[in-house]
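>>> Sequence isn't available, so here's the structure alone:
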């Protein structure tokens with residue numbers, strides 16, 4: 001059922017909306033990983049990382065809303081149901097229970113790197129079919145790269 005008519009031809013709309021749906025899954029997954037880590041982090045850097053996690057969660061949730069609205073504007077209903085996120089997420093898993101601050105930093109760097117790598121593929125895929133969606137994805141990539149850098153800098157000296 002099509003409720004909203006897209007301004008894009010079907011083929012281009014499908015490419016853009018696939019990229020948007022996959023990005024929505026990554027962003028909602030990232031917000032869940034960030035919030036779980038936020039609640040369970042322990043260690044000497046608890047406070048600073050606790051607040052940094054809130055920043056990532058806020059960014060991810062804000063962009064998730066923008067991405068979902070873009071998909072809806074193109075005539076495809078976004079799917080952010082919990083079962084969809086759980087089934088489709090490709091982010092690294094988060095452990096149960098208390099999480100050491102060093103492990104949280106490592107997890108967030110890996111999660112953000114994974115999300116950025118997939119975003120870069122989507123940026124390439126949407127270049128010709130929908131430059132508007134591409135522009136949105138570029139902005140998200142820029143912000144997630146900044147967040148990755150901030151967590152990576154918090155991992156100095158390296159705690160491997």
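Good, I have the coordinates. Quick caveat: nothing in here was measured; it's all calculated off a predicted structure.

>>> Give me the most central residue, this structure.
The centre of the chain sits closest to residue 27, judged by C-alpha atoms, centre = their mean, with a distance of 2.7 Å.

>>> I'd say that residue and residue 67 touch.
Yes - proximity of residue 27 to residue 67 meets the contact threshold set by C-beta atoms under 8 Å, at 6.4 Å. The way it works is simple: take the backbone N, C-alpha and C, and place the C-beta from them, glycine included.

>>> So for these two, which residues contact both of them?
residue 140 (C-beta atoms under 8 Å, 6 or more residues apart in numbering).

>>> biggest helix in this structure, by residue count?
Ranked by number of residues, the top helix in the chain under DSSP state H is helix 10-40.

>>> So which bits of that helix are buried?
12-13, 15-38 (16 or more other C-beta atoms under 10 Å).

>>> List the residues that contact residue 35.
With C-beta under 8 Å, 6+ apart, residue 35 has these contacts: 53, 57.

>>> 7 Å instead, please
residue 57 (C-beta atoms under 7 Å, 6 or more residues apart in numbering).

>>> any idea how far residue 130 is from it?
31 Å (C-beta to C-beta, to the nearest Å).

>>> same check, this time on residue 14
Taken as C-beta to C-beta, the span from residue 14 to residue 130 is 10 Å.

>>> List the contacts of stretch 146-160.
49, 52, 56, 59, 102, 105, 106, 108, 109, 112, 113, 116.

>>> on that earlier part again, which residues does the closest residue to the residue nearest to the centre of the chain other than its chain neighbours contact?
Excluding its sequence neighbours, the residue lying closest to residue 27 (C-beta to C-beta, 6 or more residues apart in numbering) is residue 64, at 4.0 Å. Taking C-beta under 7 Å, 6+ apart as the criterion, residue 64 is in contact with 24, 27, 28, 31, 80.
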